[in-house]
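Peer 1: Return a 3D structure for these sequence lines:
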Amino acid sequence: MKINAVFEGGGVKGIALAGAVLAVEQRGLQFHQVAGTSSGAIVASLVAAGYRAGEIRSVIEQTPFRAFLKRSKLFDTKLLGPLTRLLLKKGLYSGEALESWIYALLACKGIRTFGDLAPGQLRIIASDISHRKLLVLPDDIEQYGVDPKKFVIAKAVRMSTSIPYFFDPVIIRKGPAMRKVGESFAEQFVYIVDGGLLSNFPLWLFDHASAPALDSMIPTIGFQLVGRGANQPNKIAGPVTMMKALFSTMMDAHDERYIEDVNRFRTVKIPTLGVTTTQFDITAERSRELYQSGYRAAEHFFTNWKRADYKQGYVQHVLANARTPKA
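Peer 2: This is a model prediction of the structure:
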């Protein structure tokens, strides 16, 4: 049976999503269309490219996540360097290493652009902070004069994972046809950052206005990372550490209070074991524990899961809620 999958963002905590993929495969389920935000976009892109759970686990075990925190020696001096980088680059670290990493992984499967996949097979969420709007990639990149089919998936993933002030924003220039008369040179550039700012868990992406017949319905299952980081206070000793604390708190607490009742029937809740969004120095042992947490959560969810129950929940909660007039 096929399912659509939505993977929530959560930085390093996204390792747990890979464990959930294994449970899905062992249940004999197949991924049809996938979507994700931030680290969820990484997992979604690997799944769409044809990576199996075992391969994804090997990737995780072989990846030194701290290597993504790159900056030149010029900006690596204590305090002054990071502050200068923030001023000039608008981020503490470049996202180039992460983009190159995911590009190489996808290229191994012969996947580089969205045109290499089936239409709608992969959707990635990002945030356009220049125009204050959510982007669903690749389709929405056409607004900036870029052909969605030719858009590089690794670039979309970098956009979706660019935690504000932690990683550099992705800056793109609008195509000639998209520029307005009298628009200054500076106004031609758009800043795009982490999709989690606007929609960290976009379960709505695959919703329809009506429920198809049971035998043709493709259920949408969301994989959500729940639980705050370790109960330790952020150490704030200056503007840089304050900025890290601000955004790590925002990302860790995002959508953390509850899962809406309308989505409980289709949400796998994965405990994140106190790991924080930006804990890039995570140990191999902790990484394995996160992976197992994702596996156990998905295995538990699917133990008693039935497509008939899913359709009932979809009609009762999602469709009914969509038809209810908003106050």
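Peer 1: quick one: G95 from R288, how far?
Peer 2: Going from G95 to R288 by C-beta to C-beta, to the nearest Å gives 26 Å. C-beta here means a position set from N, CA and C on the backbone, and glycine is covered the same way.
Peer 1: Next: F151.
Peer 2: To R288, F151 is 34 Å away according to C-beta to C-beta.
Peer 1: ok, now G145?
Peer 2: G145 is 44 Å from R288, where distance means C-beta to C-beta.
Peer 1: Which of the three states applies to Y191?
Peer 2: strand (DSSP: H, G, I helix; E, B strand; the rest coil).
Peer 1: Tell me which stretches of the stretch 51-200 of the chain form helices.
Peer 2: 53-62, 80-89, 96-107, 153-161 (DSSP state H, counting those that start in this stretch).
Peer 1: pLDDT of the last one, averaged?
Peer 2: Put plainly, it is helix 153-161. Averaging pLDDT along helix 153-161 gives 96.
Peer 1: Off-centre distance for it?
Peer 2: Its chain's C-alpha centre and that of helix 153-161 lie 9 Å apart, by C-alpha atoms, centre = their mean, to the nearest Å.
Peer 1: Tell me the helices and strands packed up against it.
Peer 2: Helix 153-161 is packed against helix 39-48, helix 96-107, strand 122-128, strand 133-137, strand 170-173, strand 189-194, with contacts defined by 3 or more C-beta pairs under 8 Å, 6 or more residues apart in numbering; DSSP states H and E.
Peer 1: Buried residues of it, list them for me.
Peer 2: Within helix 153-161, the residues that count as buried by 16 or more other C-beta atoms under 10 Å are I153, A154, K155, A156, V157, R158, M159, S160, T161.
Peer 1: What residue, apart from its backbone neighbours, is nearest the last one spatially?
Peer 2: Just to be clear, that refers to T161. Among residues not flanking T161 along the chain, S38 sits closest, at 5.1 Å (C-beta to C-beta, 6 or more residues apart in numbering).
Peer 1: May I ask you to confirm that that neighbour is in contact with S199?
Peer 2: No. S38 is beyond contact range of S199, at 10.4 Å (criterion: C-beta atoms under 8 Å).
Peer 1: Compare those two (neighbour count), which wins?
Peer 2: A direct count of neighbours by other C-beta atoms under 10 Å for S38 and S199 places S38 higher, at 31 against 21.
Peer 1: Show the pLDDT at the more buried one.
Peer 2: On pLDDT, S38 comes in at 90.
Peer 1: same question, G182
Peer 2: In this model, G182 carries a pLDDT of 84.
Peer 1: How about P176?
Peer 2: 82.
Peer 1: How about the contacts made by it?
Peer 2: For P176, the contact set (C-beta atoms under 8 Å, 6 or more residues apart in numbering) comprises G145.
Peer 1: so F223, which of the three states?
Peer 2: Three-state assignment for F223 (three-state DSSP): strand.
Peer 1: which other residues reach the longest helix seen in the chain?
Peer 2: Using DSSP state H to define each element, the chain has its longest helix at helix 284-303. With contact meaning C-beta under 8 Å, 6+ apart, helix 284-303 is reached by 13, 15-24, 26-27, 29, 57, 60-61, 221, 223, 268-273, 275, 282.
Peer 1: same deal with stretch 49-65?
Peer 2: Stretch 49-65 has contacts (C-beta under 8 Å, 6+ apart) with 12, 15, 18-19, 21-22, 24-25, 43, 46-47, 101, 105-106, 109, 111, 117, 153, 280-282, 284, 287-288, 291.
Peer 1: What of stretch 133-147?
Peer 2: The contact list for stretch 133-147, computed with C-beta under 8 Å, 6+ apart, reads 114, 123-128, 148-149, 151, 156, 159-160, 172, 174-178, 190, 192, 195, 198-199, 202, 205.
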